[in-house]
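Participant: Sequence plus the predicted model coming up.
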Amino acid sequence: MRIVVLVKHVPDATADRTFDPADNTTDRAGVDGLLCELDEYAIEEALKLAEDRDADVTVLTMGPEQASDALRKALQMGAHDGVHLLDSALHGSDAPATSLVIARALERIGSYDLVLTGMASTDGGMSVVPAMLAERLGLPHIGFVGELSLADGTVRGRRDGDSASETIEAALPAVVSVTDQINEPRYPSFKGIMAAKKKPVETWSLADLGVEPAQVGLSAAWSAVESFTERPARGQGEVVTDDGDAGRRLADFLAQRKFV
């Protein structure tokens with residue numbers, strides 16, 4: 001059995017996001033990046049499933065050179081091998097192009113039983129790639145799962161809503177996205193960190209996948225950022241000294257801004 005986990009290298013969410021003025025895309029070289037924290041839950045779930053059965057976990061990422069750091073973290077956690085989709089023509093790719101490239105990569109991997117993803121990426125937050133990927137591959141898709149199990153060639157996931165929970169079952173292979181409520185990701189151990197150095201990682205280009213450069217990248221994107229402005233610096237707030245009328249002044253402040 002093989003489980004493939006899709007992971008992404010994203011800019012550190014605690015740092016200020018910047019854009020490349022040349023094409024208005026997210027600057028990924030000028031800021032520190034890391035494995036998307038929401039993807040860690042998918043990795044952990046894959047490892048837990050693999051521990052209960054004879055299964056290998058492959059991590060797959062698409063991105064520039066530094067995206068290999070995301071693969072390395074996943075391998076340190078316990079994944080068995082990795083695939084890095086690396087090509088300069090991928091710069092600026094949107095969700096449809098991303099799903100196309102990943103679908104071709106999964107077709108090249110060939111034999112897999114389950115594809116796991118996080119619920120979203122912290123840089124884009126669109127949550128649409130898993131569904132697009134399943135559509136391209138002709139596979140069932142279950143999204144935003146908070147509990148997952150495998151049995152008799154099927155995957156069963158529980159999805160929690162505001163007023164109810166539902167359990168969905170699909171035949172394998174399938175694409176499943178998991179939420180941050182499904183588990184608690186493990187920290188890489190020293191043994192895991194050392195073992196990751198010897199685990200195989202393959203690098204595939206668009207040519208390896210049979211994808212034309214014109215099908216991906218910023219020029220093929222269905223949407224693009226036309227302009228951006230930096231968020232203004234936070235100004236000093238108004239200090240209200242209570243001289244007996246602080247409540248009225250606070251109410252007037254809120255009313256002027258239509259908060260009440």
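Facilitator: Happy to help now that I have it.
Participant: how long is stretch 32-41 end to end?
Facilitator: End-to-end distance for stretch 32-41, by Cα to Cα, to the nearest Å: 21 Å.
Participant: what ranges do the helices span in the stretch 151-260 of the chain?
Facilitator: 190-196, 206-209, 246-256 (DSSP state H, counting those that start in this stretch).
Participant: What is the second one packed up against?
Facilitator: Secondary structure elements in contact with helix 206-209, counted by 3 or more Cβ pairs under 8 Å, 6 or more residues apart in numbering; DSSP states H and E, are helix 95-109. Quick note: C-beta positions are derived from backbone N, CA and C, even for glycine.
Participant: Following element in sequence after the helix it packs on, please.
Facilitator: Downstream of helix 95-109, the next assigned helix or strand under DSSP states H and E is strand 114-118.
Participant: Dump that next one to CSV, keeping only the CA atoms.
Facilitator: Output of strand 114-118 as CSV, limited to C-alpha atoms (Å, rounded to 0.1, in the frame of the first residue of the first chain):
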residue,chain,number,x,y,z
LEU,A,114,-4.6,7.2,-0.9
VAL,A,115,-3.7,10.9,-1.5
LEU,A,116,-3.8,13.0,1.6
THR,A,117,-3.6,16.8,1.8
GLY,A,118,-4.0,19.5,4.4
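Participant: I'd like the mean pLDDT over it, please.
Facilitator: Taken as a whole, strand 114-118 has a mean pLDDT of 98.
Participant: Against which helices or strands is it packed?
Facilitator: For strand 114-118, the packing partners by 3+ Cβ pairs under 8 Å, 6+ apart are strand 2-7, helix 37-51, helix 129-137, strand 174-178.
Participant: which stretches of this protein have low pLDDT?
Facilitator: The chain contains no residues with pLDDT under 70.
Participant: ok, back up a step: compare the helices and strands packed on strand 114-118 and give me the one nearest residue 209.
Facilitator: Nearest to residue 209, of all the helices and strands packed on strand 114-118, is helix 129-137, at 12.6 Å by Cβ to Cβ.
Participant: What are the buried residues along the closest one?
Facilitator: 129-134, 136-137 (16 or more other Cβ atoms under 10 Å).
Participant: For residue 231, give me its contacts.
Facilitator: By Cβ atoms under 8 Å, 6 or more residues apart in numbering, the contact set of residue 231 is empty.
Participant: quick one, which of the helices and strands packed on strand 114-118 is nearest to residue 144?
Facilitator: Between those, strand 174-178 lies closest to residue 144; by Cβ to Cβ that is 6.1 Å.
Participant: who touches that closest one?
Facilitator: Contacts of strand 174-178 (Cβ under 8 Å, 6+ apart): 41-42, 45, 114-119, 127, 130-131, 133-134, 137, 139-146, 148, 155, 157.
Participant: ranges for the strands of the stretch 151-260 of the chain?
Facilitator: Counting by DSSP state E, counting those that start in this stretch, the segments of the stretch 151-260 of the chain that form strands are 154-160, 165-171, 174-178, 201-204.
Participant: and the third one, how far from the chain's centre?
Facilitator: Its chain's average C-alpha position is 12 Å from that of strand 174-178, according to Cα atoms, centre = their mean, to the nearest Å.
Participant: Sheet-wise, list the partners of it with their directions.
Facilitator: strand 114-118 (parallel), strand 141-145 (parallel) (DSSP bridges).
Participant: right, so those: which one is the most enclosed?
Facilitator: Ranked by mean neighbour count, the strands paired with strand 174-178 are led by strand 114-118 with a mean of 27 (mean count of other Cβ atoms under 10 Å).
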